[in-house]
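A.B. asks: Here is a sequence with its predicted model. Questions after.
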Amino acid sequence: MLALFAIAVLAHAETQPSNVLAQGARDGSVPAWAIATDAPTGWTRDCCMYAKAIGVDAVLYQGDWTGKPQRVMVLNVWPRKLPTLEAELQADRKHYLQTDPAAKVTDVPVHHPTMSCEATVYQGADHVDDMVVFCDPGQVTDIRLSWSMTFDDADPSRRVLLDNFMQVVMASRYTHAEVLPKVAAPPHAA
């Protein structure tokens, strides 16, 4: 069911150039790129103000920006350095467990329709959880990307937050863009 929903979202997004969320110019062997996705209703898209302030490519958030990491979807894009997506996941896991050795780690299957993706949920000893999804749009792109979201483990909206998060992940797509599309101004949150 989720896969059919994601395909419908992707088909709709293909006709909507305004859903480009983040982009990067050519950098050496890395071609110019754009990442597009649809934001759930009530979520604000930001690539250029808060995202840049915290050093990421884009964020999606609800309500007013608080600066707290909880309930914020974060997009990071970087040049491919490690040989495999699994290596990216293992490096992230090693770093997280060095920071919080008591954390529980759970792998979550992701069946993205256009990219290889792998996900992990980290349940922190501090009762703050993180879900991270690493995706590889393909060898010719020379990039990898991740979506992540932090939430309190007792958050009563956890299930809805995770559903919204996975909707964004599943709708995300890479575009090779020698001429970068203009990132649309973020609509006001509903």
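C.D. replies: Noted; the coordinates are in hand. Residues are numbered from 1 along each chain as shown.
A.B. asks: Tell me which other helices or strands the helix or strand hosting residue 163 touches.
C.D. replies: Residue 163 is part of helix 158-171, with elements assigned from DSSP states H and E. If contacts are counted by 3 or more Cβ pairs under 8 Å, 6 or more residues apart in numbering; DSSP states H and E, helix 158-171 sits against helix 2-14, strand 73-79, strand 128-136, strand 143-152. Heads up, the C-betas are built off the backbone N, CA and C, glycines and all.
A.B. asks: ok, of these, where does mean pLDDT dip lowest?
C.D. replies: Among the helices and strands packed on helix 158-171, helix 2-14 carries the lowest mean pLDDT, a mean of 37.
A.B. asks: next structured bit after it?
C.D. replies: Criterion used, DSSP H and E; the element after helix 2-14 is strand 20-24.
A.B. asks: what angle separates that following strand from helix 158-171?
C.D. replies: 60 degrees (axes from the mean of the first three to the mean of the last three Cα atoms, to 10 degrees).
A.B. asks: Strand 20-24 - what's its average pLDDT?
C.D. replies: 93.
A.B. asks: Would you mind pulling the contact partners of stretch 146-155?
C.D. replies: Residues from elsewhere that reach stretch 146-155 (Cβ atoms under 8 Å, 6 or more residues apart in numbering): 69-76, 88, 92, 123-124, 127-135, 158, 161-162, 165, 168-169, 172.
A.B. asks: which among those end up buried?
C.D. replies: Those of these that meet the buried threshold are 71-76, 88, 92, 123-124, 128-135, 161-162, 165, 168-169, 172, by 16 or more other Cβ atoms under 10 Å.
A.B. asks: Least confident secondary structure element in the chain?
C.D. replies: Counting by mean pLDDT, DSSP states H and E, the chain has its least confident helix or strand at helix 2-14, which shows a mean of 37.
A.B. asks: So what sits opposite the residue nearest the centre of the chain in the bridge?
C.D. replies: Nearest residue to the geometric centre of the chain (Cα atoms, centre = their mean): residue 147, 2.1 Å. According to DSSP bridges, the partner residues bridging residue 147 are residue 75, residue 133.
A.B. asks: I'd assumed residue 79 was in contact with residue 30.
C.D. replies: Yes: contact criterion Cβ atoms under 8 Å: residue 30 and residue 79 qualify, at 5.0 Å.
A.B. asks: Pull up the overlap in contacts between the two.
C.D. replies: With Cβ under 8 Å, 6+ apart, residue 30 and residue 79 have common neighbours 142-143.
A.B. asks: More neighbours: which of the two?
C.D. replies: residue 30 (16 against 13; other Cβ atoms under 10 Å).
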